[in-house]
Every structure is written in C-alpha cells, then in structure tokens.
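In: sequence and predicted structure, then a few things I'm wondering about:
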Amino acid sequence: MIDMIRPPRLRQGATLGVIATSSPIDKAGDALVERGYERLREKGFKIVEAPNCRSHRGHAAGTILERVDALHAFFADPDIDGIISFWGGMQTHQLLEYIDWDLIAANPKPLVGYSDLTALTSAISHMTGLVTFSGPAVITFAKPRLFDYSWRWFERVLMEGGDRLVYEASPICSDNVWYERDDKKMVERPAPGWRCYRPGEASGPIVGGNLGTLLLLTGTPYWPEMEGRIFFVEEDEVESTATLDRMFTQARQMGVFDQISGMVIGRFASSVGLSEEDSLEMILDDALRGYDFPVMVDVDFGHTDPLMTFPIGVECRMDAGAKELELVEPWVGGI
C-alpha cells in the first residue's frame with residue numbers, strides 16, 4: 001500500500017494555479033471567468049491561469065500534452081501553492097497515461113475541484129498517495145452567488161486543517177440549472193437535509209467523486225482501491241434517472257458494493273428528474289439489493305450549491321441513521 005502524502009495547507013495570500021484539464025474556460029465567457037477570479041482574489045488568493053486554459057483543439061482545452069504540461073508545470077513550480085480546476089468537461093481521463101506520478105509525489109500541493117476532475121483527483125491519490133480534494137472549482141466562485149457554506153468548508157479543510165472535522169448540513173440550497181435561465185439566477189430553497197437511506201455506522205478512507213467519470217477508469221491501472229472505503233458519489237445536471245440507474249447498476253455488477261463499507265451520495269440537480277414515481281430510492285433498492293452497508297443521501301456536494309470540500313484518501317466515519325459525517329485523521333500538513 002502506498003503511504004499517504006498530506007499536502008501543505010493553503011495559507012493566506014497563497015497563489016492558486018487554475019487548470020483546464022478538459023474544456024476551455026472561455027466557453028464560460030469573459031465576465032464569468034473574471035467574476036470567479038475576482039472572488040478568489042477577494043478571499044486573499046493570487047491567481048495564475050495555465051497557458052492552455054483558453055486554447056482550443058476542437059472541444060478540448062488544447063492537446064492532451066498541453067494539458068499535461070500545464071499540470072506538471074504547476075506541480076513543479078515552487079511559486080504555485082495550490083491547484084484548482086476552472087470546471088470539468090469530459091476528457092480529463094485522457095491525461096492519465098502521460099502523467100509523471102513521481103513529479104507529483106515529490107511536489108505535493110492541494111489539488112481541488114469536482115465533476116470531471118474526479119479522474120485526476122482519484123488517480124493521483126491512487127497512484128501516489130497524495131491526498132486530493134473534491135470541492136469548489138473556479139466556476140463555483142463565478143456563479144451568481146457564492147454560498148457562505150461552500151467557502152466555509154473550503155477554508156476549513158484547505159486552509160485551517162486539523163486532525164478531526166465534523167461536517168454539518170446546509171439549511172439552504174440551489175439546485176436549478178441557473179445558466180439556462182434568461183436571468184441567470186440561482187433559485188434558493190430550504191435544503192432537504194441529509195437523509196438516511198439505510199442506517200448504520202462505518203469508517204474507512206474516502207474514495208469517489210463524480211460517478212460517471214470514475215467509471216471511466218474501470219479496467220485501467222488508475223481504478224482506485226475500494227476495499228473498506230467510504231464511497232462518495234455524485235452526478236451532474238445533464239444526467240437522468242435512467243442514466244443514474246445504469247451507473248449504479250454498473251457499480252453493482254463490477255463488485256464495488258461487495259467491497260465498500262458505506263456510501264455517501266450527493267444532492268442531485270432538479271433537472272435530473274427524480275420524483276416520487278421515479279425516485280433515487282427505487283434505483284438504490286435495485287442496485288443495493290442484498291447489501292447492508294449504511295447509505296446517506298442528499299449530502300452537500302456535487303453539481304448543486306452549496307458544496308463541501310472533502311479529502312480523497314483520508315479516513316472518515318459515517319453514521320447514516322444519525323446523519324453524521326466526520327474526518328478522523330489529519331488531511332493536510334503544515335499545521
């Protein structure tokens with residue numbers, strides 16, 4: 001087993017390298033990009049954008065090697081304190097066979113983002129032992145509203161650190177597809193709160209992120225260890241109940257559910273179409289038939305807001321019946 005490498009925590013005034021490992025960022029529009037950068041600057045960070053972020057090779061942010069080179073350069077550069085993805089896409093997994101794992105292990109620093117970045121965060125943690133982070137991307141800071149909850153857990157996990165952390169649920173959320181509205185507004189509503197699908201307690205290192213992205217690693221050297229893990233999964237706003245069903249079934253048939261000790265499922269966007277007639281519970285009833293590990297749902301991460309920041313590879317404890325989730329070992333160094 002590879003030893004865990006804890007990256008240094010981010011300090012006030014840290015410099016963040018912004019990466020685009022799949023889609024070019026100018027598709028978001030200059031105003032959105034600048035709003036994300038400005039909010040990060042307001043939080044005290046300096047921003048350096050990778051050279052390929054606005055490059056175009058068809059649908060991707062430059063060639064595979066341009067994207068890999070940008071990642072390597074940020075890890076190797078002592079003036080870059082942490083790395084954050086601008087957003088996701090669909091091609092991050094293309095980078096994996098070209099990555100210098102030794103370079104990353106020798107230059108540990110926080111890497112944070114979500115969605116398609118799951119391919120990279122998961123593979124880096126698996127191949128090097130470096131703790132990576134599922135959490136806000138620049139697009140989170142660029143949205144019409146930045147939720148205090150998203151910032152609080154970003155700061156608490158990446159900047160403060162510690163050896164124990166108890167997460168709390170957000171009382172409000174926004175799960176509409178805001179960029180499809182004419183007024184580009186995020187519709188706030190009371191959050192449903194974390195829910196228990198199946199009670200029980202479990203502990204183990206965190207694995208996971210975006211489920212569809214993670215499943216792309218099936219059968220590759222980058223597929224993470226699942227035995228005894230707490231499986232965190234979420235999906236994006238373009239999925240449907242049918243595609244969710246397909247992905248959970250694939251995980252079942254791969255034997256994932258034979259190995260994990262518990263599962264934590266993020267909140268889905270309203271556009272996914274879950275309802276009383278076509279519910280997440282129906283999907284889980286089929287996918288988890290015969291298993292008894294604890295499962296929590298509607299937890300604050302994924303493609304809705306707000307979202308927590310959590311470390312990949314770090315031991316956590318869950319109590320689904322009590323709706324409790326906590327980290328139980330250090331996740332960053334330099335405390």
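Out: Everything's here; your move. Numbers count the residues shown, from 1 in each chain.
In: quick one: neighbours of E329, just the number.
Out: 15 (other CB atoms under 10 Å). All C-beta spots, glycine's among them, are computed from the backbone N, C-alpha and C.
In: and it, that one's in a helix?
Out: No - applying DSSP: H, G, I helix; E, B strand; the rest coil, one finds E329 to be coil, outside a helix.
In: from F293, how far off is it?
Out: Per CB to CB, to the nearest Å, E329 is found 21 Å from F293.
In: next: S150.
Out: From S150 to F293 the distance is 28 Å (CB to CB).
In: next one: N210
Out: Counting by CB to CB - N210 and F293 are separated by 21 Å.
In: so for these two, which sits in the more crowded spot?
Out: N210 (27 against 18).
In: residue contacts, that one?
Out: Applying CB atoms under 8 Å, 6 or more residues apart in numbering to N210 gives the contacts 88, 114-116, 118, 233-236, 302.
In: so where's the longest strand in this protein?
Out: strand 201-210 (DSSP state E).
In: so what are the sheet partners of it and their directions?
Out: Here strand 201-210 is paired, per DSSP bridges, with strand 230-234 (parallel), strand 315-319 (antiparallel).
In: and the host helix or strand of I124, what does it pack onto?
Out: Using DSSP states H and E, I124 sits within helix 118-128. Helix 118-128 is packed against helix 101-106, strand 111-113, strand 132-134, strand 201-210, helix 211-215, strand 310-312, with contacts defined by 3 or more CB pairs under 8 Å, 6 or more residues apart in numbering; DSSP states H and E.
In: mean pLDDT and distance to R181 added to these, as a markdown table?
Out: Converted to a markdown table, the helices and strands packed on helix 118-128 look like this (pLDDT from 0 to 100; distance: least, CB to CB, whole Å):
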| stretch | mean pLDDT | distance to R181 |
| --- | --- | --- |
| helix 101-106 | 98 | 39 |
| strand 111-113 | 98 | 24 |
| strand 132-134 | 98 | 26 |
| strand 201-210 | 98 | 24 |
| helix 211-215 | 98 | 25 |
| strand 310-312 | 98 | 29 |
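In: could the ones you listed be laid out in CSV, adding distance to I124?
Out: Converted to CSV, those look like this (distance: least, CB to CB, whole Å):
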stretch, distance to I124
helix 101-106, 6
strand 111-113, 7
strand 132-134, 5
strand 201-210, 12
helix 211-215, 13
strand 310-312, 8
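In: to K27, which of the ones you listed lies closest?
Out: strand 111-113 (16.4 Å; CB to CB).
In: who are the packing partners of that closest one?
Out: Counting contacts by 3+ CB pairs under 8 Å, 6+ apart, strand 111-113 is packed against strand 82-85, helix 118-128, strand 132-134.
In: between the ones you listed, which one is closest to A287.
Out: Short answer: helix 118-128, nearest of these by CB to CB, at 19.3 Å.
In: picking that back up, and the longest strand of the chain, what's buried?
Out: 202, 204-210 (16 or more other CB atoms under 10 Å).
In: quick one: these as JSON lines, columns for distance to A242 too.
Out: What follows is the buried residues of strand 201-210, written out as JSON lines (distance: CB to CB, whole Å):
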{"residue": "A202", "distance to A242": "29"}
{"residue": "G204", "distance to A242": "30"}
{"residue": "P205", "distance to A242": "31"}
{"residue": "I206", "distance to A242": "28"}
{"residue": "V207", "distance to A242": "25"}
{"residue": "G208", "distance to A242": "21"}
{"residue": "G209", "distance to A242": "21"}
{"residue": "N210", "distance to A242": "17"}
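In: which among those residues gets closest to C316?
Out: I206 (5.4 Å).
In: number of nearby residues for E34?
Out: 12.
In: who touches the helix or strand hosting it?
Out: Using DSSP H and E, E34 falls within helix 30-42. Counting contacts by CB under 8 Å, 6+ apart, the residues outside helix 30-42 that touch it are 16, 18, 25-26, 47, 86, 138-142, 146.
In: if we can go back for a sec, among the contacts of N210, name the buried ones.
Out: 88, 114-116, 118, 233-236, 302.
In: circling back to that earlier point, tell me which of the strands paired with strand 201-210 sits nearest to R164.
Out: Nearest of the strands paired with strand 201-210 (CB to CB): strand 315-319, 9.7 Å.
In: neighbours of S271, how many?
Out: 16.
In: mind checking how far it is from S174?
Out: Taken as CB to CB, the span from S271 to S174 is 12 Å.
In: what do you get for T249?
Out: 29 Å.
In: same check, this time on F268
Out: 13 Å.
In: what's the answer for L117, then?
Out: 21 Å.
In: then T15?
Out: Distance from T15 to S174, by CB to CB: 30 Å.
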